[in-house]
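S.K.: this one's sequence-less:
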């Protein structure tokens, strides 16, 4: 865009100061941040969603070596019972049991589903917007 603007300025009649010329050329480079965000943000979002899918979805880079150990930890947390001595302890027990029951709802299977769909959706939207932009710039510009 900058060379085209300089060519158009040379065709114009009259004198143009260097400051005006520099402003017109520099205005093009202000779009560099926007273009960088346009191309890097979807890439970073897809990368982070994939890493979240790996982490929260209980996927591992290595093989499943410590499966029995994780099962023992899950059984130990399910069998927790705290002594009841006062109202504060009862309310804290209720809160901890509520959190444990919420932990049973938000399982790795749920994370796999949500993050898998989110990763797929981000990649599909990124591809479709890139394809529409490519078609637009190849035919209309």
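M.R.: Received the coordinates, thanks. In this text the structure is predicted, and so the values were computed from the model without any measurement. Numbers count the residues shown, from 1 in each chain.
S.K.: helices of the protein, start to end?
M.R.: 2-11, 18-29, 31-56, 67-78, 87-105, 108-139 (DSSP state H).
S.K.: save these as TSV, and put in mean pLDDT and mean neighbour count too.
M.R.: All C-beta spots, glycine's among them, are computed from the backbone N, C-alpha and C. Shown next, in TSV, are the helices of the chain (pLDDT from 0 to 100; neighbours: other Cβ atoms under 10 Å):
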stretch	mean pLDDT	mean neighbour count
helix 2-11	74	10
helix 18-29	77	11
helix 31-56	86	13
helix 67-78	54	10
helix 87-105	83	11
helix 108-139	89	12
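S.K.: contacting residues for the residue nearest to the spatial centre of the chain?
M.R.: Centroid-nearest residue in the chain, with Cα atoms, centre = their mean: residue 45, separated by 2.9 Å. With contact taken as Cβ atoms under 8 Å, 6 or more residues apart in numbering, residue 45 is in contact with residue 122.
S.K.: look up how far residue 119 lies from it.
M.R.: Look at residue 45 and residue 119: by Cβ to Cβ, to the nearest Å, they are 9 Å apart.
S.K.: repeat that for residue 88.
M.R.: For residue 88, the distance to residue 119 - Cβ to Cβ - is 44 Å.
S.K.: what's the answer for residue 47, then?
M.R.: 10 Å.
S.K.: my read: residue 122 touches residue 46, true?
M.R.: Yes: using Cβ atoms under 8 Å, residue 122 makes contact with residue 46 at a distance of 5.2 Å.
S.K.: any shared contact partners between those two?
M.R.: What both residue 122 and residue 46 touch, as defined by Cβ under 8 Å, 6+ apart, is an empty set.
S.K.: check the offset of stretch 44-63 from the chain's centre.
M.R.: 12 Å (Cα atoms, centre = their mean, to the nearest Å).
S.K.: again with stretch 15-33
M.R.: Between the mean C-alpha location of stretch 15-33 and the chain-wide mean there is a distance of 34 Å, by Cα atoms, centre = their mean.
S.K.: stretch 11-20 now?
M.R.: Relative to the centre of its chain, stretch 11-20 is centred 46 Å away, using Cα atoms, centre = their mean.
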